[in-house]
Structures are given as C-alpha cells and as structure tokens.
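1. Just the structure for this:
(one chain, ligands or ions: 2)
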Amino acid sequence: MKIAISGKGGVGKTLVAGILARMFARDGFKVLAIDNDSAMNLSYTLGIDENTKDKIVPIKEMKSMIQERTLVKGAGPGVYNINPSVSDIPDRYKVSGPDGLQLLVLGGIEEPATGCLCPENALIRTLLYNLFIKRDEVVIVDFEAGIEHLGRGTAKGIDLMLVITEPSQKSLDLSNKIIELSKKLGIINIFLIANKIIDESQKEIINKKIQNWEVPLYHSIPFDPDIGKADLEGRSPFDYNPNSEGILSIKFLYEKLKKLKQELFDL
Ligand SMILES: Nc1ncnc2c1ncn2[C@@H]1O[C@H](COP(=O)(O)OP(=O)(O)O)[C@@H](O)[C@H]1O
Ligand SMILES: [Mg+2]
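-> Ligands and ions are numbered 1, 2, ... in the order given. Down below sits the predicted model:
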C-alpha cells in the first residue's frame with residue numbers, strides 16, 4: 001500500500017506520516033517511510049537514533065550521484081536525462097529505524113520558479129514513480145505542502161491520499177485544492193483528516209464547511225500537549241507517550257487504514 005500525506009505547513013503531516021509508519025512497522029509490516037519535505041524532519045517523529053540521523057544525506061543533495069545519473073553522454077550543458085535509472089537508490093540509501101522500519105530522505109522538490117534545479121527534480125520525480133509503482137512495502141510519503149510536483153503517472157501508484165487539516169479556514173482552503181488536484185491526478189482514495197482538534201464544536205464547524213465537498217471528514221485527531229512535549233525533546237511522540245490521547249487517536253486511524261488495506265489488496 002502506498003500512502004501519501006499532504007496538507008498545509010504545520011498541520012501535522014509529519015506527525016501522521018511518522019506515527020502511522022511506526023504502527024505499521026510494529027505490527028510486522030515492511031515499511032519504507034519517505035521524507036519528501038524540504039524541512040526533512042520525519043526522522044525525529046520516527047525516532048531514528050542520533051548516530052543514524054547524523055549520517056543521513058538527502059538524495060537531493062547528492063550532487064555527483066544526480067549528475068552521473070542524469071548525464072547524457074556527449075550532450076552540451078543544460079541537457080539532462082529526464083528518465084534516469086533509480087531503482088537501486090532506495091535500497092542503497094535508506095536507513096533503518098525502530099521496529100525494523102526504513103527511511104529514505106529525498107528532500108523537497110524546488111519550484112521551477114526558484115531557479116531551475118531540473119536534474120534534481122527529474123531524479124526525485126522518477127524516484128517517487130519508482131517508489132509508488134515498483135516497491136512491495138507499505139510506502140508512506142511525507143510531502144511538502146502542495147502536491148503540484150506530482151504528475152499523472154507518478155500519482156497513479158498512490159493508493160491513499162491523506163489530506164491533513166487544522167481547524168482553520170486557510171488550511172481547509174488548501175485541503176480543498178489538494179483534493180481537487182488529487183482527483184484530477186486519478187487518485188481514488190482521498191481522505192480528509194482534521195488534526196489539533198480541541199472540542200466537538202470545531203469538528204462541527206469543519207463538517208459544516210465541507211458539507212458540499214465530495215470528500216467527508218474521515219478522522220479527527222485531538223490536540224495533545226504530549227505531542228508538543230515530545231517534539232521539544234526531539235523524541236518520537238510514539239516513544240514519549242504511546243498512550244497519549246493523540247497517539248491513541250492515530251492508532252484508531254491506523255486500524256481503519258489496515259482494514260482498508262485488506263479490502264483493497266488481500267481479499
Ligand atoms: N495533535 C497535535 N497536538 C499537539 N501538537 C501537535 C499535534 N499535531 C502536530 N502538533 C505539533 O505541530 C507542529 C507541526 O506538526 P508537523 O507534524 O511537523 O506538521 P507538518 O509536517 O504538517 O508541517 C509540531 O510542533 C507538532 O509537534
Ligand atoms: Mg513536516
């Protein structure tokens with residue numbers, strides 16, 4: 001199963017991606033977590049140990065490897081291979097984390113407007129395609145705020161798009177855009193998840209605001225001070241307090257997704 005996580009900055013994408021990855025892994029699934037956000041902080045939520053973390057080099061920063069892979073022999077500057085060979089990259093550069101899970105840090109995709117980083121982008125796009133289409137693990141991708149960098153071909157391999165929102169209009173607006181784009185890309189299972197919910201009234205307001213959307217509210221996660229405390233200590237909230245309200249709520253989400261996985265693949 002290939003799960004993509006998106007939403008506005010700060011809504012809890014990395015939290016949901018990291019904790020779901022830990023739960024799948026603890027349950028015995030082979031898990032490959034992918035950090036495709038330029039903040040690159042998924043390793044904290046996963047609880048990767050310090051030594052391993054220090055050794056991680058994001059794929060995006062492997063200049064010579066990228067150059068080598070995207071080089072077109074005999075071509076002049078500015079010409080590069082947009083379909084480089086990447087299938088060995090995940091196994092070569094992934095690192096191990098708790099419960100046997102694996103992490104591959106890609107780094108974010110730069111917007112072309114910020115100066116063309118074409119070879120890097122081409123490599124990461126091809127890599128995402130490879131991860132979604134060719135891998136047999138549970139692949140969980142922590143995306144950048146938007147999903148504009150996904151092409152139709154790449155998105156086809158995504159089984160589940162989890163769109164995370166806070167109780168705020170801005171975050172709902174972006175969620176709506178992501179849902180529309182996801183639909184256009186042909187993604188079928190799109191789920192809206194509210195995070196940092198303080199009380200029932202917030203849930204009611206969200207439900208009212210989205211009543212005309214095709215995608216209902218699939219799950220909501222409460223605001224949980226222990227998640228913030230874990231964050232401040234640089235620890236995984238899953239290790240800090242596995243029984244905190246927020247983590248138990250993500251556990252409930254996990255159980256729903258596991259059931260869905262069975263319906264989609266195992267029956
Ligand atoms: N349910 C929650 N309760 C309390 N704090 C939360 C919750 N979800 C996320 N946070 C905090 O909000 C901040 C942003 O979360 P993060 O997962 O990094 O968001 P994103 O990846 O979308 O930018 C972090 O400091 C995190 O600890
Ligand atoms: Mg993040």
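2. quick one: the longest strand along the chain near ligand 1?
-> In terms of residue count, the longest strand belonging to the chain (DSSP state E) is strand 190-197. Yes - counting by C-beta under 6 Å from any ligand atom, ligand 1 has neighbours in strand 190-197: Asn195, Lys196. Where you see a C-beta, it was placed from the backbone N, CA and C, and this is true even at glycine.
3. ok, that strand: who's next to it in the sheet?
-> strand 160-165 (parallel), strand 217-222 (parallel) (DSSP bridges).
4. CA atoms only for the following helix or strand past that strand, dumped as CSV, please.
-> Using DSSP states H and E, the helix or strand that directly follows strand 190-197 along the chain is helix 200-209. Provided in CSV are the C-alpha atoms of helix 200-209 (Å, rounded to 0.1, in the frame of the first residue of the first chain):
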residue,chain,number,x,y,z
GLU,A,200,-16.6,18.9,19.3
SER,A,201,-17.7,22.4,18.2
GLN,A,202,-14.6,22.6,16.0
LYS,A,203,-15.4,19.3,14.4
GLU,A,204,-19.0,20.5,13.8
ILE,A,205,-17.8,23.7,12.1
ILE,A,206,-15.4,21.8,9.9
ASN,A,207,-18.2,19.4,8.9
LYS,A,208,-20.4,22.3,8.0
LYS,A,209,-17.7,24.0,5.9
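5. Tell me who's in contact with the residue located most distally from the centre of the chain.
-> Distance from the C-alpha centroid of the chain peaks at Gly74, with 37.3 Å (C-alpha atoms, centre = their mean). Neighbour list for Gly74: empty [criterion: C-beta atoms under 8 Å, 6 or more residues apart in numbering].
6. Helices of the stretch 151-267 of the chain, residue ranges please.
-> 152-155, 169-184, 200-209, 225-232, 237-240, 245-261 (DSSP state H, counting those that start in this stretch).
7. which stretch among those comes nearest Asn41?
-> helix 225-232 (9.3 Å; C-beta to C-beta).
8. can you tell me if the closest one touches ligand 1.
-> Yes - with C-beta under 6 Å from any ligand atom as the criterion, ligand 1 is reached by helix 225-232 at Ile227, Gly228, Asp231.
9. Between those residues, identify the one with the most neighbours.
-> The most neighbours of any of the residues of helix 225-232 next to ligand 1, using other C-beta atoms under 10 Å, belong to Ile227, which has 26 neighbours.
10. was I right about that one contacting Gly246?
-> Yes - taking contacts as C-beta atoms under 8 Å, Ile227 lies within contact range of Gly246: 4.9 Å.
11. what is in contact with these two at once?
-> Contacts common to Ile227 and Gly246, judged by C-beta under 8 Å, 6+ apart, are Leu15, Pro237.
12. State the distance from the closest residue to ligand 1 within the stretch 151-267 of the chain to Asn36.
-> Closest residue of the stretch 151-267 of the chain to ligand 1, C-beta to the nearest ligand atom: Asp231 (3.6 Å). Distance from Asp231 to Asn36, counting by C-beta to C-beta, to the nearest Å: 20 Å.
13. Write out the residues of the stretch 1-150 of the chain neighbouring ligand 1.
-> Gly7, Gly9, Gly10, Val11, Gly12, Lys13, Thr14, Leu15.
14. Minimum distance to ligand 2, which residue of the stretch 1-150 of the chain gives it?
-> The nearest approach of the stretch 1-150 of the chain to ligand 2 comes at Thr14, 3.3 Å away (C-beta to the ion).
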